[in-house]
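J.: Below are the sequence and a predicted model; questions follow.
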Amino acid sequence: MPEQAVYTHGHHASVVNSHARRTAENSAAFLIPYIKPHYRILDIGCGPGSITIDLAQLVPQGSVIGVDSVEDVLSQARELARARGVEENLTFQQHDANELPFGDGEFDIVYCHQVLHHVHKPVDILKEMARVTRKGGLVAAREVDYGALSWYPELPGIDKWEDIHMKVMKANGAQPKAGRYVKAWAREAGFAPEDIAFTWDSWNYQEGDAVIWAKSWTDRALHSSYATTSLDKGISTQEDLNHVSDTWRKWSEIEGAFVIIPNGEILCRVR
């Protein structure tokens, strides 16, 4: 059955530009040691493709397919691949992760990054990922845990931002604390305990990275689906969103500001 979840952030430029800063090094480091140059990799929910392109460069004798449900963001991914000169072993395709048009066992690694916390049935996605992974191959996922964020300075408007964010995600049928659930989801998907490696890592945004994060949310608080959904569902008022946006702007100007965003990671061996 096609996925019915709503992508909380949407695809406003402030969102896509932020996601395009992600790399394999900062968002898939736990997976990189397991990649071999001839591997065939599927990247689910690839978005603007920055991680996908990095993965393609790690498999010069192999290939990578990036899939997403939104064609507009795939067009941006293709443009970025052309700009970086990485096209020979890389394609981007529009598909629903619940109904992948690939045969059983086609890939050595199937990866998703920040996908499972947006969907209604993450276990079903993991099962479909396992189906298209060869025996002995890996299903890998990395998921944020919004319930474990830390930041400094602790401006009240950021507490408001987090409260709205959690409520919007739950209203969309998502799980904002997915990082702590992802190992349990893998067990529900049928992976044995000995075939699941669970790790915990984080993005640690300081100085320039903190400023970029804050400026992104200065815009996202007003213009992304975070904003429209919170208004439509009565979770916040426009005054609340203005306050959140202004707080992130002020936060970005304070020396020593940082935000730590934890992520749960799983590597699951297919048997």
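T.: All right, it came through fine. Numbering: from 1, shown residues only.
J.: For the rest of this, base every contact and every neighbour count on C-alpha atoms.
T.: Noted.
J.: Poorly predicted segments of the protein, please.
T.: Low-confidence segments of the chain, defined by pLDDT under 70: 1-19.
J.: wait, what's in contact with the residue sitting nearest the centre point of it?
T.: Among the residues of the chain, the one closest to the centroid is residue 114, at 2.2 Å (CA atoms, centre = their mean). Each residue near residue 114 by CA atoms under 8 Å, 6 or more residues apart in numbering is listed here: 45, 141, 142, 143, 144.
J.: give me that answer again for 7 Å
T.: Counting by CA atoms under 7 Å, 6 or more residues apart in numbering, residue 114 touches 142, 143, 144.
J.: Quick check: the closest residue to the last one other than its chain neighbours vs residue 182, distance?
T.: Once its chain neighbours are removed from consideration, residue 144 has its nearest residue in residue 263; the separation is 4.2 Å (CA to CA, 6 or more residues apart in numbering). Here the criterion is CA to CA, to the nearest Å. By it, residue 263 lies 10 Å from residue 182.
J.: Please look at residue 149 and residue 258 and confirm they touch.
T.: No - using CA atoms under 7 Å, residue 149 makes no contact with residue 258, being 10.8 Å away.
J.: quick one: which of those two has more around it?
T.: In this view residue 149 and residue 258 are compared by other CA atoms under 10 Å, and residue 258 has more residues nearby, 23 against 14.
J.: quick one, phi psi at the nearest residue to the more buried one once chain neighbours are set aside?
T.: Distances taken as CA to CA, 6+ apart place residue 206 nearest to residue 258, at 4.6 Å, with adjacent residues excluded. With angles defined as degrees, to the nearest 10, residue 206 shows backbone torsions of phi -130, psi 160.
J.: measure residue 206 to residue 255 for me?
T.: Per CA to CA, residue 206 is found 10 Å from residue 255.
J.: Looking at those two, which is more packed in?
T.: Regarding residue 206 and residue 255, a neighbour count based on other CA under 10 Å identifies residue 206 as having more, with 19 against 11.
J.: contacting residues for the more buried one?
T.: Neighbour list for residue 206: 257, 258, 259 [criterion: CA under 7 Å, 6+ apart].
J.: Report the separation between it and residue 151.
T.: 10 Å.
J.: same thing with residue 89?
T.: Using CA to CA, residue 89 is found at 40 Å from residue 151.
J.: do the same with residue 201
T.: As judged by CA to CA, residue 201 and residue 151 stand 16 Å apart.
J.: Just give the closest residue to residue 170, not the sequence neighbours.
T.: Nearest one to residue 170, counting by CA to CA, 6+ apart, is residue 176 at 7.2 Å.
J.: How about the secondary structure of that neighbour?
T.: Three-state secondary structure (criterion: DSSP: H, G, I helix; E, B strand; the rest coil) places residue 176 in coil.
J.: That one contacts residue 116, doesn't it?
T.: No - with contacts defined as CA under 7 Å, residue 176 does not count as touching residue 116, sitting 9.7 Å away.
J.: Same drill for those two, tell me which one is more crowded.
T.: In terms of neighbours (other CA under 10 Å), residue 116 is the more surrounded of residue 176 and residue 116; the figures are 27 against 23.
J.: Quick check: closest non-adjacent residue to that one.
T.: Among residues not flanking residue 116 along the chain, residue 122 sits closest, at 5.1 Å (CA to CA, 6+ apart).
J.: The one you found against residue 112, yeah?
T.: No - assessed by CA under 7 Å, residue 122 is found out of contact with residue 112, at 11.0 Å.
J.: The protein: strands as residue ranges?
T.: 40-44, 63-68, 90-94, 107-113, 133-144, 150-152, 196-206, 258-269 (DSSP state E).
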